[in-house]
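Asker: from the sequence below, what's the structure:
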Amino acid sequence: MKRQIFALSLGLLAVAAGVQAKEGVANAAAGKRMDLMDEIRASFAVIGGMAQGKTAFDADAAAAARAKLLEDAAMIPAVFKPEESDPKSKAAPAIWEDWDEFTEHAGALETAVQGLDTASLDTVKAGFGPVAKSCGSCHGEFRLK
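Answerer: This next block holds a predicted model:
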């Protein structure tokens, strides 16, 4: 029962984050990208909370968040391919100016998530760093401040 409530709460959080982020977004492609990033952020928060000791370890929740991260990471190139923008978007023009490097970063995120073992708290802690580093390296180069 607790896991079902947790999963439902996670889903509602992701939906609420998406609604808030898309407020005032006119461009559908930019809105879709923002939705994807909100989903990634929600899954990352589940795993990160456990790795950082902010939430109790739950192998099922960690595995579900990892699976969603993997699914969403694989979608990054397709969702970002349309070179469209919106004033609310934080997608930097560098994404399309250096598309090959951007997609390499997306691939690196997939690889990092694939290497994340959610079987125990120790393995989550060990695998969280590379995932966080991958997110940060892409945002540092391809996200507007």
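
Asker: check which helix or strand the spatially closest residue to Pro82 that is not a sequence neighbour maps to.
Answerer: Closest residue to Pro82 apart from its sequence neighbours, by C-beta to C-beta, 6 or more residues apart in numbering: Ala29 at 4.3 Å. Where C-beta positions appear, they are placed from N, C-alpha and C, glycine not excepted. According to DSSP states H and E, Ala29 maps onto helix 28-51.

Asker: over to Ala108?
Answerer: Going by DSSP H and E, Ala108 is part of helix 99-114.

Asker: flag every buried residue along that helix.
Answerer: Applying a neighbour-count criterion of 16 or more other C-beta atoms under 10 Å, one finds Phe102, His105, Ala106, Ala108, Leu109, Glu110, Ala112, Val113 buried in helix 99-114.

Asker: which residues touch that helix?
Answerer: 66, 69-70, 73-74, 76-77, 80, 94-96, 127, 130-131, 133-135, 137-138, 141-142 (C-beta atoms under 8 Å, 6 or more residues apart in numbering).

Asker: same check, this time on stretch 66-74
Answerer: Under C-beta under 8 Å, 6+ apart, the answer for stretch 66-74 is 36, 39-40, 43-44, 47, 106, 109-110, 113-114, 116, 118, 131.

Asker: and if we set it to 10 Å?
Answerer: 10, 14, 35-44, 46-47, 79, 106-114, 116-118, 124, 127, 131, 134-135 (C-beta atoms under 10 Å, 6 or more residues apart in numbering).

Asker: could you turn the buried ones of these into a PyMOL selection?
Answerer: With 16+ other C-beta under 10 Å as the criterion, this PyMOL line picks the buried residues out of those:
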select buried, resi 10+14+35+36+37+38+39+40+41+42+43+44+46+47+79+106+108+109+110+112+113+116+118+124+127+131+134+135
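
Asker: show me the shaky parts of this protein.
Answerer: For the chain, applying pLDDT under 70 flags the ranges 1-21.

Asker: just to revisit the earlier point, Throw the buried residues of helix 99-114 into a markdown table and include distance to Ala61, thanks.
Answerer: Output for these, formatted as a markdown table (distance: C-beta to C-beta, whole Å):
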| residue | distance to Ala61 |
| --- | --- |
| Phe102 | 30 |
| His105 | 26 |
| Ala106 | 24 |
| Ala108 | 25 |
| Leu109 | 20 |
| Glu110 | 21 |
| Ala112 | 19 |
| Val113 | 15 |
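
Asker: many thanks, I have nothing further to ask.
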